[in-house]
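Undergrad: dropping a prediction and its sequence here:
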Amino acid sequence: MSSPAATPRLQNQVALVTGASSGIGAGVAIAMAAEGASVVVNYAHSPEGAEQVVDEITKAGGKAIAIKADVSKEDEVLAMFDEIRKEFGTLHILVNNSGIQVDAPLLEMTLEQWQKVIDVNLTGQFLCAREAAREFVKRGPQPEISKATGKIICMSSVHEVIPWAGHVNYATSKGGIMQLMKTMAQELAPHKIRVNSIGPGAIATPINESARDTPEEEKSLLTLIPYGRIGEPADIGSVAVWLASDESDYVTGITLFADGGMTLYPGFADNG
């Protein structure tokens with residue numbers, strides 16, 4: 001006699017995943033839908049990618065819609081949240097995933113290159129988190145759906161703690177996300193809103209494809225990963241589901257590194 005199927009961990013919840021048309025965002029959106037969430041697949045530049053994610057979710061029996069919005073622009077974020085309320089009534093989970101790299105050495109980096117990364121990676125997370133928190137507080141608790149009134153997951157990086165020469169704008173944005181997340185967690189905890197970050201290491205996505213172009217480059221990258229493999233978007237999706245579920249209800253204000261050990265500084269494994 002077979003045992004009854006487990007209840008999906010995110011059943012009856014609505015999740016917004018920003019930057020979900022590819023890479024980590026797509027992996028998170030698909031993982032959350034598989035656990036019962038209705039998913040808003042946000043995108044800024046790739047409607048085709050967003051629709052592919054929506055199609056994959058709906059073909060598997062889930063529910064998803066795509067909404068275009070540049071998270072660095074306040075009016076577009078406000079319009080996106082209005083559309084979410086119109087479609088689903090409320091929101092329970094925000095995954096602040098949108099992020100870009102515009103790389104240059106410090107001596108050559110322009111103000112435009114600096115500002116573009118800060119605007120998307122840091123200001124975008126602030127705008128979306130503020131609107132999500134406003135919605136959570138206005139709606140109030142729904143204990144029959146989730147122990148927490150709302151959940152915010154910030155997508156950070158190992159580079160919130162590991163400096164990264166040649167990427168000063170990106171590393172700064174991720175260090176900023178760490179304090180944004182911790183301060184929001186402290187401020188929102190009395191409302192029963194949990195805020196955490198995920199710190200991915202090397203994940204096989206378009207953003208780091210150039211670091212994996214050849215076997216030699218991939219071998220060099222693997223020297224930074226004690227666990228011996230490059231991560232997949234599904235690895236981050238699993239972590240995001242756990243952080244959004246009641247299984248992690250007593251967890252707030254942390255960065256959970258999913259990096260195969262990259263933050264162990266493997267260059268020092270043989271006494272430096």
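TA: Here it is on my side, so go on. Numbers count the residues shown, from 1 in each chain.
Undergrad: okay, now the unreliable bits of the stretch 101-250 of the chain?
TA: Applying pLDDT under 70 to the stretch 101-250 of the chain flags the ranges 207-213.
Undergrad: please enumerate the helices of it.
TA: Assigned by DSSP state H, counting those that start in this stretch, the stretch 101-250 of the chain shows helices spanning 111-118, 124-139, 168-188, 215-222, 233-244.
Undergrad: dump those helices to a markdown table, plus mean neighbour count and distance to Gly199.
TA: Yep, even glycine has a C-beta here, placed from its N, CA and C like the rest. Shown next, in a markdown table, are the helices of the stretch 101-250 of the chain (neighbours: other Cβ atoms under 10 Å; distance: least, Cβ to Cβ, whole Å):
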| stretch | mean neighbour count | distance to Gly199 |
| --- | --- | --- |
| helix 111-118 | 15 | 17 |
| helix 124-139 | 20 | 14 |
| helix 168-188 | 19 | 8 |
| helix 215-222 | 12 | 17 |
| helix 233-244 | 22 | 10 |
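Undergrad: make CSV out of these and add distance to Lys151.
TA: Converted to CSV, those look like this (distance: least, Cβ to Cβ, whole Å):
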stretch, distance to Lys151
helix 111-118, 25
helix 124-139, 9
helix 168-188, 10
helix 215-222, 32
helix 233-244, 5
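Undergrad: of those, which is nearest Gly150?
TA: helix 124-139 (3.1 Å; Cβ to Cβ).
Undergrad: quick one, the closest one and helix 111-118 angle?
TA: Relative orientation of helix 124-139 and helix 111-118, computed by axes from the mean of the first three to the mean of the last three Cα atoms, to 10 degrees: 30 degrees.
Undergrad: distance from the chain centre to helix 124-139, please.
TA: 15 Å (Cα atoms, centre = their mean, to the nearest Å).
Undergrad: do the same with stretch 156-172
TA: Remark: stretch 156-172 is offset 16 Å from the chain centroid, using Cα atoms, centre = their mean.
Undergrad: swap in stretch 40-47?
TA: On the basis of Cα atoms, centre = their mean, stretch 40-47 sits 14 Å off its chain's mean C-alpha point.
Undergrad: kindly check the end-to-end length of it for me.
TA: With Cα to Cα, to the nearest Å as the measure, stretch 40-47 spans 13 Å from end to end.
Undergrad: to Ala204, which of the helices of the stretch 101-250 of the chain lies closest?
TA: When the helices of the stretch 101-250 of the chain are compared by Cβ to Cβ, helix 233-244 sits nearest Ala204, at 7.4 Å.
Undergrad: give me the buried positions along the very next helix or strand once past that closest one.
TA: Remark: after helix 233-244, the chain's next helix or strand is strand 255-258, criterion DSSP states H and E. Neighbour counts over strand 255-258 (16 or more other Cβ atoms under 10 Å) mark Thr255, Leu256, Phe257, Ala258 as buried.
Undergrad: what lies in contact with strand 255-258?
TA: Residues from elsewhere that reach strand 255-258 (Cβ atoms under 8 Å, 6 or more residues apart in numbering): 156, 158, 160, 178, 181, 196-201, 231, 235-236, 239, 243, 263.
Undergrad: before we move on, the earlier item: so which of the buried residues of strand 255-258 is the closest to Ala50?
TA: Out of the buried residues of strand 255-258, the member with the shortest distance to Ala50 (by Cβ to Cβ) is Ala258, at 23.7 Å.
Undergrad: list the contacts of the nearest residue to the closest one once chain neighbours are set aside.
TA: Nearest residue to Ala258, sequence neighbours excluded (Cβ to Cβ, 6 or more residues apart in numbering): Val239, at 5.0 Å. Under the criterion of Cβ under 8 Å, 6+ apart, the contact list for Val239 reads Ile198, Leu256, Ala258.
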